[in-house]
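Participant: generate coordinates for the sequence data below:
(chains A and B)
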Amino acid sequence: MKFTKILCATLAFSSLSAFAGDDDSLAALALQRANFTLEQAIEKVSTDYSRHITEFEIDDYNHQATYEIETINFETEQKYKVQVSLENGEVLKERSISLKVLGLNRLDDDELFALKELKAANFNLNKTIATLKQKYNTNIVEFELESEKGISFYKFKLMGEQGAKRVLVDIKTGNIIPVMSH
Amino acid sequence: MARVTEWWQASRKASSVWRLTRLYTVLLLSVVAVLLVVLYQLSIGQMSRQQQAQLESLIAQQTVLAEQLNTDEFIAQFKLQAESSRQYILTYQTEKQLIGRLSFIPEQISSCPRLTRFPIWLDKYDEIRLLSGCSQPLGAGSLTVAIDDEALYALKAQYISASVIALILALLLGLLTGLVFSLRVLKRINSFNQTAQLVEAGQLSARVALSNNNDEYDHMALHINTMLSQLEHSFETVSGITDAIAHDLRTPLSHLRQQIELELLDKRQQDQPTTQLQSMIEKLDEILFTFSAMLELTRLQQQKETKTQHFKIIDLSKIIIDAVDLIEPLAEEKEQIITSDVDLNITLKGDATLLFRAVYNLLENASKYAGEHARISIRLTESGFTISDNGLGISDNEKNKVFQRLYRIEKSRHVAGFGLGLTLVKAIVQLHNGQITLLDNNPGLQVMVEFPDTICCHNNVNKHTNSNGNNKEG
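Facilitator: Numbering: from 1, shown residues only, chains lettered A, B, ... in the order given. The predicted structure follows:
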């Protein structure tokens, strides 16, 4: 508990300081110490808000480390940004905005396409997270749903002992997209 | 909108020109489609085939090398080739190592030579690229060959879009030219139809209009006009002869009648029998009546234009009421029931005397041929009137013949008549641009008369029944 407070204070301070480059390391550290796992947070948000999760990163709220998760609810046409405590899974902050502004959709075409694909696909985010964690033996510090050239994917940022690494997972097939070197 | 739909349905069913337009459009579309396919095969198809051939050649080359070199030598040359090749992405996977530019072999990749499209990520540029590739076992491992064919796919997509636009334009062009063609041709054909309708209605002087184009339609119009002129001349000649005979015979016959009448008076004064002379006068009257009717018929059929100039607005319901009043005594004799339903107020432009004659003739026919105790009804409709009876009716094969001059149905020969009544009625109806149709009343006959330019309707509440003179309602 004491460590978490120090960590959160550091995280809060780091956004204004020279520690900015170490955000991912600190986030990884926070995740290692978390009582409430990322999978649990995703499960909670999926159940309480919507399973169409578009973004995740580690943030802080009132000096507490949180999972900041964004999700889209098509029924209510709302986009939710939820901050879940790493310590106990409590929802510390919840913000929602309507997807429609003056009748127009707030999301761009790529985002809409990715969400449509996600809705249609039989993609299990928690299972993918577990697979990635096991395969690369790292923590996931952030991810985001994206779409490019008709391919919709989650872009995960992994943080391990060898530093940050990005992995793309195709939501249609559930497979990791190969990286091509130059 | 309804008119457009009506036009569409009518032209779809009826117009041969429209069928030709459709055929022309389909042919045009087919030609454009074939050209597009050929063009595709010669450009993008050729590029695609070349790409496939090069991939197969690359695989064959590596297969030969794998057979000729040992594993280390093969891997060494493969590393060099994989690093140097910019166009093709080569990867070789053994149990121990992965050589090439891909971080791993995608699971969904198919066996060569069938290509699978799969995404890869260029982490350096944070960009997704789409490759086409295949994999096959080679030596101690598995060879994967892929090519970045995004440009080719983009070209394909652009070609398909352009093809769709080209087909839509071809369709529009086909329909537009077809429509213009249809309208122009239909306009010419309609002028032929209109002339034919006028001739059919008795206006033998009608001719097809000629254009300045001097095309095949004008040639056809010239032939038809010549034919109509000859026909008109023939009719005039025949009518002239008929008229001349009727006219020439009518005068001596009238004189003959006068002489017989004088003889008859003499015989009566001398109290001598006059039966034979009486019979002769009756027969002469019949002949004179027939001649008069024939002459009148000829005049009706030939002088349509002159007669229609004197048409006035007349009330058809009034004519029917008058005709029913006049026929009632005849019906009473035969104990027939005449019902008239004239609760509509129909007016039209015509000749009241001629129309009265037509209505009366039809009622008289019904009374004469339907038999005793028959029921005869006359009813005004929005476009004319119908007369029905429950008599013997007319068989289908005789329905058209009864309108011919002097034609009489075999079974009705015992009834007095000359076979000119219905011919005269038809001539009167046609003079008013109308149509007369004989229908089955099951049992009996129904005569339906329709005029094109009637003005309808106010309710008259004028129902009239005469049951053999005993029962009347009004």
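Participant: so which bits of chain A are right by chain B?
Facilitator: A:148-151, A:153, A:166, A:168, A:170, A:173, A:175-182 (CB under 8 Å from any CB of the partner chain). (Each C-beta comes from the backbone N, C-alpha and C, glycine too.)
Participant: can you tell me which of the residues you listed are in strands?
Facilitator: Judged by DSSP state E, the subset of the residues of chain A next to chain B located in strands is A:E148, A:I151, A:F153, A:R166, A:L168, A:D170.
Participant: out of those, which end up buried?
Facilitator: Listed as buried from those are A:E148, A:I151, A:F153, A:L168, A:D170; burial here means 16 or more other CB atoms under 10 Å in any protein chain shown.
Participant: count of neighbours near B:S279?
Facilitator: 10 (other CB atoms under 10 Å in any protein chain shown).
Participant: that one should be in a strand, yeah?
Facilitator: No - counting by DSSP: H, G, I helix; E, B strand; the rest coil, one finds B:S279 to be helix, located in no strand.
Participant: over to the spatially most central residue of chain A. Which of the three states is it?
Facilitator: Centroid-nearest residue in chain A: A:F56, 1.6 Å away (criterion: CA atoms, centre = their mean). At A:F56 the chain is in strand, as set by three-state DSSP.
Participant: cool, B:F104 as well?
Facilitator: Using three-state DSSP, the structure places B:F104 in coil.
Participant: could you do A:M159 as well?
Facilitator: strand.
Participant: correct me, but it touches A:A28?
Facilitator: Yes - with contact defined as CB atoms under 8 Å, A:M159 reaches A:A28; the gap is 3.8 Å.
Participant: right, and the helix or strand after the worst-scoring helix or strand of chain A on mean pLDDT?
Facilitator: Least confident helix or strand, chain A: helix A:2-14 with a mean of 44, by mean pLDDT, DSSP states H and E. Following helix A:2-14 in sequence order, the next helix or strand is helix A:23-33 (DSSP states H and E).
Participant: under the pLDDT cut-off, which ranges of the stretch 101-250 of chain B? List them.
Facilitator: Along the stretch 101-250 of chain B, segments meeting pLDDT under 70 span B:201-202, B:239.
Participant: any idea which helix or strand comes after the strand or helix carrying B:A323?
Facilitator: Per DSSP H and E: B:A323 is located in helix B:316-333. Later in the chain than helix B:316-333, the nearest helix or strand by DSSP H and E is strand B:337-341.
Participant: next structured bit after that next one?
Facilitator: Proceeding N to C from strand B:337-341, the next assigned helix or strand is strand B:347-350, under DSSP H and E.
Participant: still on that earlier bit, need the residues touching each of A:M159 and A:A28.
Facilitator: Shared contacts of A:M159 and A:A28 (CB atoms under 8 Å, 6 or more residues apart in numbering or on different chains): A:T138, A:N139, A:V141.
Participant: give the full set of residues in contact with the first one.
Facilitator: The contact partners of A:T138, by CB under 8 Å, 6+ apart, come to A:A28, A:L132, A:L158, A:M159, A:G160, A:E161, A:K165.
Participant: cutoff 6 Å now
Facilitator: Contacts here follow CB atoms under 6 Å, 6 or more residues apart in numbering or on different chains; on that basis A:T138 touches A:L158, A:M159, A:G160.
Participant: and chain B, what are its domains?
Facilitator: As given by automatic domain parsing, the domain ranges for chain B are B:69-148, B:216-302, B:309-473.
Participant: show me which residues of chain B sit near chain A.
Facilitator: B:101-104, B:106-107, B:119-124, B:128, B:130 (CB under 6 Å from any CB of the partner chain).
Participant: mind doing that once more with 7 Å?
Facilitator: By the rule CB under 7 Å from any CB of the partner chain, the part of chain B lying against chain A is B:89, B:101-104, B:106-108, B:119-124, B:128, B:130.
Participant: picking that back up, and of the buried ones among the ones in strands among the residues of chain A next to chain B, the nearest to A:K127?
Facilitator: A:D170 (14.2 Å; CB to CB).
Participant: surely that closest one meets A:I177?
Facilitator: Yes - between A:D170 and A:I177 there is a contact at 5.6 Å, judged by CB atoms under 7 Å.
Participant: before we move on, the earlier item: turn the shared contacts of A:M159 and A:A28 into a markdown table, columns for pLDDT, secondary structure and distance to B:L431.
Facilitator: As requested, the shared contacts of A:M159 and A:A28 are exported to a markdown table (pLDDT from 0 to 100; DSSP: H, G, I helix; E, B strand; the rest coil; distance: CB to CB, whole Å):
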| residue | pLDDT | secondary structure | distance to B:L431 |
| --- | --- | --- | --- |
| A:T138 | 89 | coil | 104 |
| A:N139 | 89 | strand | 103 |
| A:V141 | 93 | strand | 100 |
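Participant: what's the closest of those residues to B:P452?
Facilitator: Set against B:P452, the nearest of the shared contacts of A:M159 and A:A28 by CB to CB is A:V141 (88.0 Å).
Participant: what are the phi and psi angles of A:E68?
Facilitator: Note on A:E68: its backbone torsions stand at phi -100, psi 110 [degrees, to the nearest 10].
Participant: show the contacting residues for B:L58.
Facilitator: Residues in contact with B:L58 (CB atoms under 7 Å, 6 or more residues apart in numbering or on different chains) are B:Y88, B:V145.
Participant: among the buried ones among the ones in strands among the residues of chain A next to chain B, which two are most distant?
Facilitator: Across these, the two members that end up farthest from each other (CB to CB) are A:E148 and A:D170, 11.2 Å apart.
Participant: where does pLDDT dip in chain A?
Facilitator: For chain A, the stretches flagged by pLDDT under 70 are A:1-22.
Participant: how far away is B:G419 from chain A?
Facilitator: Separation of B:G419 from chain A (CB to the nearest CB, to the nearest Å) stands at 81 Å.
Participant: wait, doesn't that residue sit right on B:Y407?
Facilitator: Yes - the pair B:G419 / B:Y407 is scored as a contact, 5.0 Å apart, by CB under 7 Å.
Participant: burial of the closest residue to A:N35 other than its chain neighbours, as a residue count?
Facilitator: Excluding the flanking residues, the one nearest A:N35 by CB to CB, 6 or more residues apart in numbering or on different chains is A:E87, at 5.4 Å. For A:E87, the count of nearby residues is 19 (other CB under 10 Å).
Participant: look at A:E87 and give its secondary structure.
Facilitator: Classification of A:E87 using three-state DSSP returns coil.
Participant: B:Q68 versus that one, what's the distance?
Facilitator: Per CB to CB, to the nearest Å, A:E87 is found 64 Å from B:Q68.
Participant: same check, this time on B:D243
Facilitator: In this view, B:D243 and B:Q68 are 115 Å apart by CB to CB.
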